[in-house]
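Peer 1: Sharing a model that was predicted from the sequence below.
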Amino acid sequence: MIYTIVGARPNFMKAAPIHTAFARAGIPHAIVHTGQHYDEALSRVFFDDLGMPRPALDLGVGSGTHAEQTGAVMVGLERAFAADVPRAVLVVGDVNSTMAAAIVCAKMGIYCAHVEAGLRSGDWSMPEEVNRAVTDAVADLLLTPSADADRNLLSEGCAADAIVRVGNVMIDTLRAHLPRARALEVAGRFGLREGAYAVLTLHRPSNVDEPATLARILGAVAEIAGSLPVVFPTHPRTRKQIQATGLQEKLERAKGLVLCEPLGYLQFLSLTSGARLVLTDSGGLQEESTVLGIPCLTLRDNTERPITVEIGTNVLVGTNRDKILAEAKRALAGGGRRGAVPELWDGHTAERIVAAVAARA
Ligand code: UD1
């Protein structure tokens, strides 16, 4: 059996097309869930929306410190793999579960492929940057989304024949589900018209865990919301911080700002695909905005996805109020970047992943 390991929200939309492609190729494949994310809205709804089968195994590790979470995934997977040795394991993205699974495979001599290999922000204060570098250092096969990723891996000394550029697997999911998502017309449920609102997501520890930074970003967003309504599906980490720092009331009073629970895949895609502007600190949303041709302001100083800035619709605006407001104004005045779609982000990445793994494992 070949397993794909998923743990947190951004993993599910990457695993879904991989599972389908293995099934089409007649190769036994199953999903293993670490349980890093466990809330209905962050986990189960994605399996339902994407038509993914229930995981063959759910470790149920839950939340904790980085060491607790990483350690629990490693213990659980080591036990599972000892009882039932996989033909190969795929890990996706850059969450703690990704790195934990890759290390277990390396120690047990199990062939491991990393999907979304080679992305680097150069920012070692991001837990994901550590996860990315460690995962790539120990994985056998490095499946990359873009040429910058290939270059990063080669410059770190990875063997050229371990690197295969396959494109962006998350875009397979976006292309497959866009018509269904559009038909949901989720904006209307918020009383909004297509093209007449912005969408905000915010969950990076560096943006939400420091009260002054969180207040500054949300202050700028509230100003934007005064002229363009902003829908803000709020990650649990961020919601806790908003409540703990007393920002809740202020945000509720802000005209045009709509806070809601995290949305499922289809509902969220419906919302973003009709937006005039996206504001985010997510990695995946930078890519999705580029493919949808919607201007994206990334609330970070760096990105591990530079191609979205070079040829896509993404602009790095950091967390400075004036910069956020100036770039939002520019995008709304029509100067937002239209951008182009990177090569191989064509909806067929999962087939290339399956071909690469099947040829080697
Ligand atoms: C994790 C990933 C991050 C990814 C994000 C997407 C790491 C290091 N971080 O961040 O890369 O962009 O997922 O959402 O792997 N919580 C819930 N319900 C859940 C899960 C978490 O309420 O189902 C709350 C808990 O308070 C938890 C906190 O969110 O302590 C953080 O969860 P965690 O999985 O540690 O990291 P994320 O911030 O979600």
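Peer 2: Happy to help now that I have it.

Peer 1: all helices of the stretch 51-200 of the chain, in order?
Peer 2: For the stretch 51-200 of the chain, the helices defined by DSSP state H, counting those that start in this stretch occupy 66-83, 96-108, 127-138, 147-155, 169-184, 186-189.

Peer 1: what residues go with each domain of this structure?
Peer 2: Each structural domain of the chain that the record assigns through automatic domain parsing is listed here as a residue range: 2-168+345-360, 177-335.

Peer 1: thinking again about what came up before, single out the most deeply packed of the helices of the stretch 51-200 of the chain.
Peer 2: helix 96-108 (a mean of 25; mean count of other CB atoms under 10 Å). (Each C-beta comes from the backbone N, C-alpha and C, glycine too.)

Peer 1: Using CSV, list the CA coordinates for that one.
Peer 2: Coordinates of each C-alpha in helix 96-108 appear next as CSV, following Å, rounded to 0.1, in the frame of the first residue of the first chain:
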residue,chain,number,x,y,z
ASN,A,96,4.3,19.6,11.5
SER,A,97,2.8,16.3,10.3
THR,A,98,4.6,16.5,7.0
MET,A,99,8.0,16.8,8.7
ALA,A,100,7.2,14.2,11.3
ALA,A,101,6.2,11.6,8.7
ALA,A,102,9.2,12.2,6.6
ILE,A,103,11.6,11.7,9.5
VAL,A,104,9.9,8.4,10.4
CYS,A,105,10.2,7.1,6.8
ALA,A,106,13.9,8.1,6.7
LYS,A,107,14.6,6.2,9.9
MET,A,108,12.6,3.1,8.8
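
Peer 1: other SSEs contacting it?
Peer 2: Counting contacts by 3 or more CB pairs under 8 Å, 6 or more residues apart in numbering; DSSP states H and E, the secondary-structure elements packed against helix 96-108 are strand 2-6, helix 66-83, strand 88-92, strand 112-115, helix 127-138.

Peer 1: possible to save the ones you listed as CSV with mean pLDDT and distance to residue 255?
Peer 2: Written out in CSV, the entries for the helices and strands packed on helix 96-108 read as follows (pLDDT from 0 to 100; distance: least, CB to CB, whole Å):
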stretch, mean pLDDT, distance to residue 255
strand 2-6, 98, 39
helix 66-83, 98, 39
strand 88-92, 99, 40
strand 112-115, 99, 42
helix 127-138, 98, 34
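
Peer 1: Output the ones you listed as CSV; include the columns distance to residue 288.
Peer 2: Converted to CSV, the helices and strands packed on helix 96-108 look like this (distance: least, CB to CB, whole Å):
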stretch, distance to residue 288
strand 2-6, 18
helix 66-83, 26
strand 88-92, 16
strand 112-115, 17
helix 127-138, 17
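
Peer 1: how about the helices of the stretch 51-200 of the chain, which one is nearest residue 234?
Peer 2: Each of the helices of the stretch 51-200 of the chain was checked against residue 234 via CB to CB, and the shortest separation belongs to helix 186-189, namely 15.8 Å.

Peer 1: Contacts made by the closest one with the rest, please.
Peer 2: Residues lying outside helix 186-189 but in contact with it, judged by CB atoms under 8 Å, 6 or more residues apart in numbering, are 193, 194, 197, 231, 263, 267, 270, 271, 274.

Peer 1: what is the rounded mean pLDDT of it?
Peer 2: Predicted confidence along helix 186-189 averages 97 (mean pLDDT).

Peer 1: tell me how far it is from the chain's mean position?
Peer 2: 23 Å (CA atoms, centre = their mean, to the nearest Å).

Peer 1: For the stretch 101-250 of the chain, what lies in contact range of the ligand?
Peer 2: Applying CB under 6 Å from any ligand atom, we find that the stretch 101-250 of the chain lies next to the ligand at 127, 128, 203, 235, 236, 237.

Peer 1: Please report the distance of the last one from residue 55.
Peer 2: It stands for residue 237. Distance, residue 237 to residue 55, using CB to CB, to the nearest Å: 23 Å.

Peer 1: Of the two, which one has the most company?
Peer 2: For the pair residue 237 and residue 55, the greater number of neighbours falls to residue 55 (20 against 15), based on other CB atoms under 10 Å.

Peer 1: The nearest residue in space to that one that is not next to it in sequence: how many residues sit nearby?
Peer 2: Excluding its sequence neighbours, the residue lying closest to residue 55 (CB to CB, 6 or more residues apart in numbering) is residue 33, at 3.9 Å. Neighbourhood size, residue 33 [other CB under 10 Å]: 26.
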